[in-house]
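Asker: Turn this into a structure:
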Amino acid sequence: MPLPSMKDQFAALIAAPSVSCTQPALDQSNRAVIDLLASWLGDLGFACDIQQVLPGKFNLLATFGSGPGGLVLAGHSDTVPFDGALWQTDPLKLTEVDGRWVGLGSCDMKGFFALAIEAIQPLLDKPFKQPLMILATCDEESSMSGARALADAGRPLGRAAVIGEPTGLRPIRLHKGVMMDRIDILGRSGHSSDPSLGHSALEAMHDAITELKGLRQQWQREYNNPQFSVPQPTLNFGCIHGGDNPNRICGQCSLEFDLRPLPGMDPQVLRSAIMHKLQPLAEQHQVKIDYAPLFPEVPPFEQSADAELVRIAERLTGHSAEAVAFGTEAPYLQRLGCETIVLGPGDIACAHQPGEYLEMSRLEPTVRLLRQLVEHYCLSPA
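Answerer: Numbering: from 1, shown residues only. Got it, this is the predicted structure:
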C-alpha cells in the first residue's frame, strides 16, 4: 500500500494533537504522532524503536541501514498549546492560505518529518554505506524529557545530526540556554474589607516581579553577544495564577517565567541572585516564598565553526552558520557524539503564534537539501 502524499502526511501530523505543556490540564500524549511516523517509516523499511519516556510520552528512533556513523534527522513531535479563538483557521487542520501551509506544528515542527520522508524515499533503493536515523522526541516544548532521556541512556547516534527547528533554512551552530522556573507564594487569605486579616500573596508577587524586572535590566546591561539577533539575555513572565475571589485576600500566587542566558552565564549564579532578591520580600509581606526550577535547565549550545557538518550545511544552503536566541535539543544530541546543527524550513517569528505557517516556497528547497545531506552522510561517506 503506497504511503500518503507529502501533503497528506503533513495534514495527518497536524491533525494528531500533541500539546506539551507545564499545565497538566493542557498537556497531551504524543503517541498518535509517533504511531503515524512509525507506520510510514516501517513501511519504508526502517527499524522503528518506540521508547516510553513518561506515561503517555514517547520517543521514536527509526533506523535505515546499519553500522556506526551516518546521519540523524531529528525533531520533536509535540506542539505548544494554542488559543483557538485567535486562529483564522482550524489549528488542527492543514489549510492553504496565500501560498502558506497553516496549522499547529506546520512550522514548529511536525511538518519537518513529512519533508524528511519525502526527501529520503527516492534514495532507499540505493546502497547505504552508513545508516540514516529519523528521531522524533517528546516534550521539547516543556521539559525536554525526551531528549534528556536519550542523552542519559548514552546510546551513540550518527556522526552528524540535523534538527529541523525553524531557522529559515539557515544553519545554526549556537543558541542560548533555557531556564524555566517557578515562584510559589503562600500568604494568608481573609476578608477583603480588613487588610489586617490576611497577608496578600498577590501583592508579594507584585513586588517579586518588580525585583525580577530589575535583575533583567541589570543582566541586560552586563551581558551582550552580538552573534545573536537578540544580543542580551531575556526574561519572560509566562503565566501567573492566584486568588479565587475579589472579596478575599489572595492566599496563594504562582508565577512561571522563562530566562534565556547567554553562553558564559551560569544558571546557578542567576538563581542565587533571584533568591537573594526574594528572601527579604517573604519577611516584609509575612508570606512563604518557594522558588525552584520547573525543569533542569537546557544548556547553551555551540558547534565549532570548522566542523564538517557546519561547512557542508553552509555550502549547501549558501549561508554562513548563525546564532539564535531560542533553545533546542542540540546540546543533548551533541552529548551523544553527534556533530550537530539546527536547520529547518520554518520561521521562528511565526512559531508559537496563532496562524502558525510554513511557506510553500520552502517545501522543495528543504526536500532537496535533506536529500543532499543524506547522500553525503549515508550513500557516499568518505
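Asker: And the least confident helix or strand in the chain by mean pLDDT, how far out from the chain middle?
Answerer: Lowest mean confidence among the helices and strands of the chain (mean pLDDT, DSSP states H and E): strand 301-302, at a mean of 89. Offset of strand 301-302 from its chain centre (C-alpha atoms, centre = their mean, to the nearest Å): 15 Å.
Asker: Partner strands of it, with direction?
Answerer: strand 172-175 (antiparallel) (DSSP bridges).
Asker: buried residues in the next helix or strand after the least confident helix or strand of the chain?
Answerer: Downstream of strand 301-302, the next assigned helix or strand under DSSP states H and E is helix 308-317. For helix 308-317, burial by neighbour count (16 or more other C-beta atoms under 10 Å) applies to 309-310, 312-314, 316-317. No exception for glycine: its C-beta is placed from N, CA and C like everyone else's.
Asker: which residues touch the least confident helix or strand of the chain?
Answerer: 173-175, 263, 327-328, 330-331, 334, 340 (C-beta atoms under 8 Å, 6 or more residues apart in numbering).
Asker: okay, who's weakest in the residues you listed by pLDDT?
Answerer: Among the contacts of strand 301-302, Pro263 has the lowest pLDDT, at 81.
Asker: and the gap between that one and Glu329?
Answerer: As judged by C-beta to C-beta, to the nearest Å, Pro263 and Glu329 stand 17 Å apart.
Asker: the more surrounded of these two?
Answerer: Glu329 (26 against 17; other C-beta atoms under 10 Å).
Asker: Just to check, that one is in contact with Val72?
Answerer: No. Glu329 is beyond contact range of Val72, at 10.8 Å (criterion: C-beta atoms under 8 Å).
Asker: Make sure Glu308 is actually in contact with Ile341.
Answerer: No. In this structure, Glu308 is not within contact of Ile341 by C-beta under 8 Å, at 10.6 Å.
Asker: just checking, Cys107 touches Gly346?
Answerer: Yes. Between Cys107 and Gly346 there is a contact under C-beta under 8 Å: 3.2 Å.
Asker: any residues in contact with both of those two?
Answerer: With C-beta under 8 Å, 6+ apart as the test, Cys107 and Gly346 both reach 166, 358.
Asker: Just the helices from the stretch 51-200 of the chain, written as ranges.
Answerer: With helices called from DSSP state H, counting those that start in this stretch, the stretch 51-200 of the chain shows them at 111-120, 145-153.
Asker: In a markdown table: these, plus mean neighbour count, distance to Gly243 and mean pLDDT.
Answerer: Below are the helices of the stretch 51-200 of the chain laid out as a markdown table (neighbours: other C-beta atoms under 10 Å; distance: least, C-beta to C-beta, whole Å; pLDDT from 0 to 100):
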| stretch | mean neighbour count | distance to Gly243 | mean pLDDT |
| --- | --- | --- | --- |
| helix 111-120 | 26 | 40 | 98 |
| helix 145-153 | 19 | 31 | 96 |
